[in-house]
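[1] Sharing a model prediction with you, sequence too.
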Amino acid sequence: MDQQQPPTIRRAGAEDAEILVHCIALAFAEDPIMRYLYPASDGYWQTMPAFTRAFSGSAMEAGACWLEQHGAGAACWLMPHQVQADMPPTLFSDVDPERLAEVGGMLEAIAALHPAEPHWYLPQIGVDPVARGQGVGAALMKTALRAIDESMAPAFLESSNPRNVSLYERFGFEVIAELQYGNAPPMIPMVRSPA
């Protein structure tokens with residue numbers, strides 16, 4: 001990616017599925033929650049692409065994913081009334097049961113914090129570590145939020161990395177809780193009213 005030019009973001013199509021999945025997997029390689037669940041590199045890399053397909057697959061199918069033109073960043077949103085696919089239990093077969101229970105408890109608590117009205121939900125956004133600090137994450141958010149604002153619906157996300165909260169706040173998201181169960185890293189649900 002040329003550092004002189006602003007990032008170019010486009011909607012991802014079915015033909016982009018593999019690059020999108022690999023971009024998200026690369027971006028989450030340092031994510032506190034994902035590495036808590038999969039601390040060993042081999043387990044992480046064996047699982048994360050399938051995890052991304054399951055977690056964001058319906059967003060890909062609905063055309064609600066955005067991709068930086070060179071694959072440096074990606075964001076997948078679930079649109080109002082869209083249901084997130086269930087996670088195949090095999091994705092968690094190698095996860096320590098205590099860690100899985102802690103993260104699962106937080107995810108259940110987060111599910112109860114989603115807005116009651118139809119809303120957009122951001123299950124995954126990520127930037128390739130070598131492209132961080134070049135405006136890719138901000139460009140992904142700005143592009144998607146234009147479409148979201150046109151729908152006049154709220155947006156919801158949970159940050160699994162506290163370093164990202166300030167980025168989301170710049171785009172109008174507000175922290176509604178900070179959850180931490182056991183030894184798991186915190187998760188921070190955030191909501192944004194329509195602009």
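    Cool, got the structure.

[2] Look at the closest residue to residue 128 other than its chain neighbours and report its pLDDT.
    Distances taken as Cβ to Cβ, 6 or more residues apart in numbering place residue 72 nearest to residue 128, at 4.8 Å, with adjacent residues excluded. Quick note: C-beta positions are derived from backbone N, CA and C, even for glycine. You'll see residue 72 listed with a pLDDT of 96.

[3] now residue 72: how far from residue 147?
    20 Å (Cβ to Cβ, to the nearest Å).

[4] So for these two, which sits in the more crowded spot?
    Neighbours of residue 72 and residue 147, each counted by other Cβ atoms under 10 Å, are more numerous for residue 72; the result is 25 against 14.

[5] who's in contact with that one?
    Residues in contact with residue 72 (Cβ atoms under 8 Å, 6 or more residues apart in numbering) are 1, 7, 23, 127-128, 130-131, 134, 136.

[6] what does the model give residue 90 for pLDDT?
    Reported pLDDT for residue 90: 73.

[7] coming back round to it: do me a favour and get the backbone dihedrals for the residue nearest to residue 128.
    Main-chain dihedrals, residue 72, degrees, to the nearest 10: phi -80, psi -10.

[8] So residue 156 belongs to a strand, correct?
    Yes. Under DSSP: H, G, I helix; E, B strand; the rest coil, residue 156 falls within a strand.

[9] Give me the subset of the contacts of residue 72 lying in helices.
    23, 136 (DSSP state H).

[10] how many neighbours does residue 10 have?
    Neighbour count for residue 10, taken as other Cβ under 10 Å: 11.

[11] Quick check, it in contact with residue 70.
    No. Using Cβ atoms under 8 Å, residue 10 is not in contact with residue 70, being 10.8 Å away.

[12] rewinding a little: kindly write the ChimeraX command that selects the buried subset of the contacts of residue 72.
    This is the ChimeraX syntax for the buried subset of the contacts of residue 72, where burial follows 16 or more other Cβ atoms under 10 Å:
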select :1,7,23,127,128,131,134,136
